[in-house]
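In: Everything below, folded, please.
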Amino acid sequence: MPVRPALVPAFAAALGAAALLCAAVAPAAADPSELVTVDPVGRLASDGTITLSGTYRCTGGTGPVFVSSSLSQGDARLKQGVGGSTARCDGAEHRWENSGKASVRTLKAGAAQVEATLTELRPSGIILLPAFHAVTSRSITLTQE
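Out: Numbering: from 1, shown residues only. As a prediction, this is how the structure comes out:
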């Protein structure tokens, strides 16, 4: 049994839990030049794999930085996490692309809402705390491949 597929959902869950924990604490203001965008079209493969993409720019990262994404269709309260990718905070604009399998919930081609977040895990004593560089939400079209 491959180890990596089991680690990715666990990592995503840990990152999500950390994000929720820090949502209760007032986050530091992000640099206005930092951004994350979402492309207007996402892909849905016949095997249920969703692929989302966009661009990001950030500066001053001291810990690992990730671009995470989620997608919803219909009920905005039900979000499907769609992978995560590492990011470089060097002030330049970079492309990101995340892919992941759809959960039990059935997704279909058509309108969808995507949220993308650029999050850094900064050392704070013996733990890593999330610091948010940028977040965006956008309506997209999910196309069947």
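
In: burial of the residue lying closest to residue 109 once chain neighbours are set aside, as a residue count?
Out: Distance criterion Cβ to Cβ, 6 or more residues apart in numbering; nearest residue to residue 109, sequence neighbours excluded, is residue 144 at 4.1 Å. Placement of C-beta: from N, CA and C, glycine included. Counted with other Cβ atoms under 10 Å, the neighbours of residue 144 add up to 11.

In: and residue 144, what is it in contact with?
Out: Residue 144 makes contacts with 44, 46, 108-109, as judged by Cβ atoms under 8 Å, 6 or more residues apart in numbering.

In: Point out where the chain drops to low pLDDT.
Out: Within the chain, the stretches with pLDDT under 70 are 1-31, 104-105.

In: Out of the contacts of residue 144, which sit inside strands?
Out: residue 44 (DSSP state E).

In: what residues are up against residue 34?
Out: 57-59, 118, 133-134.

In: okay, now the closest residue to residue 121 other than its chain neighbours: neighbour count?
Out: In space, and not counting its chain neighbours, residue 121 is closest to residue 128: 4.0 Å by Cβ to Cβ, 6+ apart. Counted with other Cβ under 10 Å, residues neighbouring residue 128 total 16.

In: Bridged to residue 128, which residues?
Out: Residues in a beta bridge with residue 128, per DSSP bridges, are residue 123.

In: Looks like it contacts residue 63 (just checking).
Out: Yes - contact status for residue 128 versus residue 63: in contact at 6.3 Å, counting by Cβ atoms under 8 Å.

In: Touching both of the two, which residues are there?
Out: Shared contacts of residue 128 and residue 63 (Cβ under 8 Å, 6+ apart): 121-122.

In: Okay, helices next: where are they in this structure?
Out: In the chain, the segments counted as helices under DSSP state H are 4-23.

In: Just give the nearest non-adjacent residue to the most centrally placed residue in it, would you?
Out: Central residue of the chain (Cα atoms, centre = their mean): residue 68, 1.4 Å from the mean position. With sequence-adjacent residues excluded and distances taken as Cβ to Cβ, 6+ apart, residue 68 is closest to residue 84, at 4.6 Å.

In: neighbours around the one you found, how many?
Out: Residue 84 has 20 nearby residues by other Cβ under 10 Å.
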